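**Q** Pasting a predicted model and its sequence here:
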Amino acid sequence: MGSVIVTYKIFPEDIVKDFTPLKNEIQTRTPEFAEITGYGEEPVAFGLVALLVQIKFPEDQQGIVDELETKLGQIPGISQVQTLMVRRSSR
């Protein structure tokens, strides 16, 4: 069975120097069957940096991409979450 790899772009409400607490909160809201495969940072403007999160889901899970986007948007300190990319992987 294949997997779906989703990249989310997470915009904080304010300038963040250390994303560690936010990464920990994302980890707690990620379902058991999903796996965080990587993080990145993308400068936005005026010192604001967005956090990129790549998560791998089993291909047979329905609706989980939008559901997790909603859950991530409910984390305090996050202003917006965008699904940047969704791709299929055979691994």
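**A** That came through fine. Numbers count the residues shown, from 1 in each chain.
**Q** Let me see the ranges of the helices in the chain.
**A** In the chain, the helices defined using DSSP state H lie at 20-29, 64-73.
**Q** Low-confidence ranges, this protein, go.
**A** Counting by pLDDT under 70, the chain shows low-confidence ranges at 91.
**Q** Please report how far residue 10 lies from residue 77.
**A** Noted for residue 10: a distance of 10 Å to residue 77, by Cβ to Cβ, to the nearest Å. All C-beta atoms are positioned from the backbone trio N, CA, C, and that covers glycine.
**Q** Next, show the common contact partners of the two.
**A** The contact sets of residue 10 and residue 77 overlap at residue 22 (Cβ atoms under 8 Å, 6 or more residues apart in numbering).
**Q** Looking at these two, which one has more neighbours?
**A** Neighbour count, other Cβ atoms under 10 Å: between residue 10 and residue 77, residue 10 has more, with 24 against 12.
**Q** so who does the more buried one touch?
**A** 22, 26, 50, 51, 52, 53, 72, 78, 80, 81 are the contacts of residue 10 under Cβ under 8 Å, 6+ apart.
**Q** Dig out what it forms beta bridges with.
**A** For residue 10, the beta-bridge partners are residue 51, residue 81 (DSSP bridges).
**Q** Give the buried subset of the contacts of residue 10 as a PyMOL selection command.
**A** In PyMOL, a selection of the buried entries from those looks like this (16 or more other Cβ atoms under 10 Å):
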select buried, resi 22+26+50+51+52+53+72+78+81
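**Q** about what we covered before: highest mean neighbour count out of the helices of the chain?
**A** Of all these, helix 64-73 has the most neighbours on average by mean count of other Cβ atoms under 10 Å, namely a mean of 15.
**Q** Export it to CSV, keeping only CA atoms.
**A** Below are the C-alpha coordinates for helix 64-73, written out as CSV (Å, rounded to 0.1, in the frame of the first residue of the first chain):
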residue,chain,number,x,y,z
ILE,A,64,-7.4,13.2,7.0
VAL,A,65,-5.6,16.0,5.1
ASP,A,66,-8.3,18.6,5.7
GLU,A,67,-9.1,17.3,9.2
LEU,A,68,-5.5,17.7,10.3
GLU,A,69,-5.2,21.1,8.7
THR,A,70,-8.2,22.2,10.8
LYS,A,71,-6.7,20.7,14.0
LEU,A,72,-3.4,22.4,13.4
GLY,A,73,-5.2,25.8,12.9
